[in-house]
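Colleague: Using only what follows, build the 3D model:
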Amino acid sequence: MNTIQYMTGLLTFYLKGEISTDENFVKLKVPNTILALIPLGSQNHTIAVNQLASVASSFSLNFKRLIVGFLLACFSLSAFSDSFILGLILLLWGISTILTSFATELLISSTAGDSYYVSFLIFEKAKAVQAEQLINNMIASRLNDTNVRQVSEVSTNAIVDAIENK
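Modeller: Next up, the predicted model:
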């Protein structure tokens, strides 16, 4: 079983998402949060390998999130004059929002038309690529196993070799 753990947020660094694979299933565990701060359960998906259609990764910028992060950071500077604690909290929240506006997403599509999105932090981009390669290898292996022509050629060659060596 292969398992890839990744951070889902900077302020919730202790919450880990997880992509697990075994011979027959891909399991996704994505923690849920409120306002990217308060943990609230998780989403769990189990996808059978024979239902996997494709996997793709993309890098994107969420412009709204970037603007909100800059606004929070600016408000935090004015909040420092009123309360150091409030200013520090707003500053950390703003910086976290700015950094999470740059996202790498993994899109897993099933043969039934379902799509599963897994978001990675910019720092975890290598893990997204690793998960994409792992799932692509599983899809390729399944396609090779179900390729009737290839399997029958191997069986035929084994029978021919057995007859010739007899």
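Colleague: Could you use CA atoms for every contact and neighbour count after this?
Modeller: Noted.
Colleague: Enumerate every residue touching Val26.
Modeller: 19-20, 46-49, 135 (Cα atoms under 8 Å, 6 or more residues apart in numbering).
Colleague: Of those, select the buried ones using a ChimeraX command.
Modeller: Here is the ChimeraX command that selects the buried residues among the contacts of Val26 (16 or more other Cα atoms under 10 Å):
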select :19,20,47,49,135
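Colleague: Please identify which of the contacts of Val26 is nearest to Pro31.
Modeller: Distances from Pro31 to these, taken as Cα to Cα, are shortest for Ile19 (11.8 Å).
Colleague: Tell me where the model's unsure across the protein.
Modeller: 36, 147-151, 154, 166 (pLDDT under 70).
Colleague: Which residue lies nearest the spatial centre of it?
Modeller: Val118 (3.5 Å; Cα atoms, centre = their mean).
Colleague: so what's the closest residue to that residue other than its chain neighbours bridging to?
Modeller: Excluding the flanking residues, the one nearest Val118 by Cα to Cα, 6 or more residues apart in numbering is Leu106, at 5.0 Å. With DSSP bridges applied, Leu106 shows beta-bridge pairing to Ser57, Val118.
Colleague: Leu106 and Ile163, how far apart?
Modeller: Distance of Leu106 to Ile163, given as Cα to Cα, to the nearest Å: 49 Å.
Colleague: Which one's more surrounded, those two?
Modeller: Leu106 (21 against 9; other Cα atoms under 10 Å).
Colleague: Wait, that one touches Glu132, no?
Modeller: Yes: using Cα atoms under 8 Å, Leu106 is in contact with Glu132, at 7.2 Å.
Colleague: That's all I had, so thanks and see you.
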